[in-house]
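Participant: Fold the stuff below for me.
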Amino acid sequence: MKSPKGYIRLILPLLFIIVLSGFVMAQNKGVSRIFGAVTDSNQQPLPFAAIVLKTKTDSVVVKTALSEMNGSFVIANVPQGSYRLEIMMLGYERFSIEVDTEVTGQDLQLGALKLIASAETLSAVTISGQKPFIEQRADKILINLSDKLTGGSSLMEVMDRLPGVQVTPDNLISLNGRIVRIYIDGKQTPLSVDALAGLLRGMSASSIERVELIARPSSKYDASASGGIINIVRRRGTREGLRGNIYGGTGYGKYGKYNGGINLNFKTSKYNLLLNSDYNFNKYFVNNSLVATSTEPPASFSDGSESLIHSVRKANNITPNVGIDLYLSKKTTLSFAVTNALQLFKKDAFSETTTLTKHDVTGNFDNRVNTKMNNFSAGLHLLHQMDTLGKELVVDLDYYSNNNNSDQYNTERIFTQTGQEHRRTFFDQNNAFKVYSAKADLTFPLKNKAQLETGFKSSHVTTGNQNRLYEMLGSEMVPNNAQNDLYRYTESIHALYATYHRDLTKMSYQVGVRTEWTWNKGNQEQSNQRFRQNYVQLFPTLFANYKLTANQSIILSADKKINRPTYENMNPLLRIVNANNFVEGNPKLRPASSYTGSGTYALKNALFVTLNYGIDFRDFTYFAFQNAAGDSTVIRPVNNRHTQTYSLVTAYNKQIKSWWYTSTNITMRKLSYRMADNDKAVSGITSFNFDTYNSFSLSKQLSWLVLFRYRGKSQERNITTEAYFTLTTGIRQSLFDKRATIALNVTDIFNTYKNKYLQQSPVLRQIWENKYETRTIRLNFTYSFGGQISKTKTSDAAADEKRRSDIREN
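Facilitator: Below you'll find the predicted structure:
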């Protein structure tokens, strides 16, 4: 049972909501916003319509906006006066209406504004204005993409050159150095890392309206400090009928790789049906070198060893998906989506261990892995618009399951002065988990340019992890019961939140608070170890945007987040690297608390200078430990005392000429930390990173891109990584009136990418050097028919749990 104090902390957000609502409702009324909704003649909503507010006398543009997916729009902070509101959309006649805000005391509600379809198809439309490439908001950065800026690139390639974003050779996507969650149309993608990479490589960036970089999510999102959110917003067709696209590509480095897929969408006035299937095959190599020496006296260089691991890996990803939107009424949509992703993974690895002094071979190890992973997700998503002012209710119900079966066939040879010893084993690892989740969000538009959001989320997770070891005795595989183990874990998280947003004359701000009650327990059968955690935490957030002038602004933010360990990092069962090196989780890991503050100076939506400071308490560090015999090493995560992060980021993004676009970023970053094992304070080194992406339009259909990236020497807690640079280039050609694109890319032309680092542990000093197949050439083709695809809505209630369940290959 929870203590009375615990229940008091749990209901604080409810009290916050009640008090805040009463405070806001009591404010003086005044004209601050213009509301409306854009529809066609059949009362169907029209998204992405351009709304322009002009002065009535001289037609000077005062405000602009775009209609949302439900057709609604809000023009905030409108001064008193007489205006003309114009709405423009391709295929429809221009709409115009006079509006008057001279009378104060209430917001102006225009209701549904109906556009009339053009009598004939327009052959050309000239647009005098263009949305800026980057828009800085109080809590996120909007990247508005266009064909001129993307040059027909795949979405994965564009991600790698967005401000602060990096894609590693093993397909991890990070924002400002932290691993992020990927959303598509506001919903997290329930895919593994490799399957997601295949999907993004198959998507053309020209089909994307914008990308939202949310480095510090508001209180509406799960209080995870894992790095933020990248939300990909697609261009959506609104016309009824069948439309879709197909894509395919091939590539070669040392081994071949290819991908392809088809997306079909059929839309009527009653429903929207989506069917798609994506396939990705990738064969590649990963070579590892590990030099390990002891740090305990009287250790010497002769005590060390070197392991060379050569592996060839194959990954097949098949991701079918079906979804449907049911238009129950003009204000209510019910969506259902099912995804059943299958991944087949194979690894053939050979490792050899030698002494550092005489280079005598002490043993070698064959490791063959066959893994089958199945991800199944099903979700319901309900959207109900209570009025045309923006009041709406969103409800999500989700079920998610993952089953991972891994068979490992191992042959170990040990060389001694008396001869050789052979040991053959079969290692059977099975991991399964299930997630049940529900959440609801309620939005209240208020007077005086204000908005209140509140909601809740509950999730329940169960996991089971089992290891079975069989040893070859004679001609038979016999179970080794001493090495068999079972680990079970259960977790429940319940959350409440509220956010309040307001626009003033020169300033906008948002405050929020979220409370989360976490309860979990685990049980390891072999050791009979049990653990339990039960805690409640509050997570406040604050964002503010102040306009110094029309072209200059200051953005401030501060928040508290939590970084829960992944389920794999809490799993104490061993995973094999080679005969002498293993990886295991730590069920005693505590969640890390993160406090972050930042200030940004923005000039003309082109230059951004950001100063960040953060401190993480009980953050995670990976240490290597030796067993009692000293013949094997286990890498295990532990909690640090704290880590402080300082960074200065300068970004310049501009269309310099009509044919030349550049995006250049310079980052200086330093970490200082205090270790938990000896309370030692370490001041890390200052790292310097430089990225520049340039796109050149050689003609209306042909473009050329160049991407240069430099990563300076850096230190992340007990790991020091050496510097490297890469150079990538490619060309894009549009075909068939821009319905098709063919692209040729060469990544890491000089094969200069490297991942070499020193890992200091209490008793071991390890130097890792990892080489990936980064120099590749790729040819991709995309063809769209019938218009853009309208993607069905998917539920995201279990988004954070899916992210934490991802299993990385060793």
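Participant: When you work out contacts or count neighbours from here on, use the C-alpha atoms and nothing else.
Facilitator: Will do.
Participant: Residue 639 and residue 675, how far apart?
Facilitator: Going from residue 639 to residue 675 by C-alpha to C-alpha, to the nearest Å gives 8 Å.
Participant: which residues in the stretch 401-550 of the chain form strands?
Facilitator: All strands of the stretch 401-550 of the chain, identified by DSSP state E, counting those that start in this stretch, fall at 419-446, 450-473, 476-479, 485-503, 507-524, 529-547.
Participant: The first one relative to strand 450-473, how many degrees between them?
Facilitator: When you say that, I think you mean strand 419-446. For strand 419-446 against strand 450-473, the angle between stretch directions is 170 degrees (axes from the mean of the first three to the mean of the last three C-alpha atoms, to 10 degrees).
Participant: Return the set of buried residues in strand 419-446.
Facilitator: By 16 or more other C-alpha atoms under 10 Å, the buried positions in strand 419-446 come out as 424-446.
Participant: Ok, the shortest one next?
Facilitator: Buried residues in strand 476-479, defined by neighbour count with 16+ other C-alpha under 10 Å: residue 479.
Participant: pLDDT of it, averaged?
Facilitator: Summarised as a single mean, pLDDT over strand 476-479 is 84.
Participant: just checking, what packs against that strand?
Facilitator: Using 3 or more C-alpha pairs under 8 Å, 6 or more residues apart in numbering; DSSP states H and E as the contact test, the elements touching strand 476-479 are strand 450-473.
Participant: by contact count, what packs against the strand it packs on?
Facilitator: helix 12-25, strand 419-446, strand 476-479, strand 485-503.
Participant: Parallel or antiparallel, which strands does the second one pair with?
Facilitator: If I follow you right, that is strand 419-446. Sheet pairing of strand 419-446 (DSSP bridges) gives strand 392-416 (antiparallel), strand 450-473 (antiparallel).
Participant: Repeat that for the shortest one.
Facilitator: Strand 476-479 pairs in its sheet with strand 450-473 (antiparallel), by DSSP bridges.
Participant: Specify the angle between the strand it pairs with and strand 485-503 in degrees.
Facilitator: If you take the same axes, to 10 degrees, strand 450-473 sits at 160 degrees to strand 485-503.
Participant: list the buried ones in strand 450-473?
Facilitator: With burial defined by 16+ other C-alpha under 10 Å, the residues of strand 450-473 counted as buried are 450-472.
Participant: Select, out of the strands of the stretch 401-550 of the chain, the one closest to residue 210.
Facilitator: Proximity of the strands of the stretch 401-550 of the chain to residue 210 was assessed by C-alpha to C-alpha; the nearest stretch is strand 529-547, lying at 20.9 Å.
Participant: Contacts for the closest one, please.
Facilitator: Strand 529-547 is touched from outside by 6, 9-10, 137-139, 218-219, 223, 506-524, 553-561, 587-588, with contacts defined as C-alpha atoms under 8 Å, 6 or more residues apart in numbering.
Participant: Just the buried residues from the residues you listed, in PyMOL please.
Facilitator: Buried residues within those, by 16+ other C-alpha under 10 Å, are selected in PyMOL with:
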select buried, resi 10+138+139+218+219+223+507+508+509+510+511+512+513+514+515+516+517+518+519+520+521+522+523+524+553+554+555+556+557+558+559+560+561+587+588
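Participant: Dig out what residue 440 forms beta bridges with.
Facilitator: When bridges are called by DSSP bridges, residue 440 pairs up with residue 395, residue 456.
Participant: Residue 455 versus that one, what's the distance?
Facilitator: Distance of residue 440 to residue 455, given as C-alpha to C-alpha: 5 Å.
Participant: And residue 381, by the same measure?
Facilitator: 15 Å.
Participant: go on, residue 314?
Facilitator: Residue 314 is 43 Å from residue 455, by C-alpha to C-alpha.
Participant: of all the helices and strands packed on strand 450-473, which lies closest to residue 43?
Facilitator: With distances scored as C-alpha to C-alpha, the stretch of the helices and strands packed on strand 450-473 nearest to residue 43 is strand 419-446 (23.1 Å).
Participant: so for the closest one, what's the average pLDDT?
Facilitator: Rounded mean pLDDT across strand 419-446 is 87.
Participant: Can you name the residues bridging to residue 308?
Facilitator: When bridges are taken as DSSP bridges, the partners of residue 308 come out as residue 289, residue 352.
Participant: so who does it touch?
Facilitator: Residues counted as contacts of residue 308 (C-alpha under 8 Å, 6+ apart) are 287-290, 351-353.
Participant: hmm, try it at 10 Å
Facilitator: For residue 308, the contact set (C-alpha atoms under 10 Å, 6 or more residues apart in numbering) comprises 287-291, 350-354, 364, 578, 769.
Participant: From these, pick the one nearest residue 279.
Facilitator: Distance ranking of these against residue 279, using C-alpha to C-alpha, places residue 287 first at 25.9 Å.
Participant: The closest one against residue 769, yeah?
Facilitator: Yes. Using C-alpha atoms under 10 Å, residue 287 is in contact with residue 769, at 8.2 Å.
Participant: Can you name the residues bridging to the residue most central in space within the chain?
Facilitator: By C-alpha atoms, centre = their mean, the chain has its centre lying nearest to residue 181, at 2.2 Å. Here residue 181 sits in beta bridges with residue 229, going by DSSP bridges.
Participant: ok so, going back, find the residues that touch each one of residue 639 and residue 675.
Facilitator: When contacts are counted by C-alpha under 10 Å, 6+ apart, residue 639 and residue 675 have 618-619, 621 as shared neighbours.
Participant: Would you map the strands across the stretch 601-750 of the chain?
Facilitator: Using DSSP E, counting those that start in this stretch, the strands found in the stretch 601-750 of the chain span residues 607-617, 620-626, 633-639, 642-657, 660-674, 681-697, 702-711, 714-716, 719-721, 724-735, 740-747.
Participant: How far off centre is the fourth one?
Facilitator: The one in question is strand 642-657. Relative to its parent chain, strand 642-657 has a centroid offset of 19 Å by C-alpha atoms, centre = their mean, to the nearest Å.
Participant: quick one, it and strand 681-697 angle?
Facilitator: Between the axes of strand 642-657 and strand 681-697, defined by the same axes, to 10 degrees, the angle is 20 degrees.
Participant: quick one: buried residues of strand 642-657?
Facilitator: For strand 642-657, using 16+ other C-alpha under 10 Å, the buried residues are 642-655.
Participant: Now do the helices in the stretch 101-250 of the chain.
Facilitator: Secondary structure of the stretch 101-250 of the chain (DSSP state H, counting those that start in this stretch): helices located at 147-150, 155-159, 193-202.
Participant: pLDDT averaged over the first one - what is it?
Facilitator: In other words, helix 147-150. For helix 147-150, the per-residue pLDDT values average out at 48.
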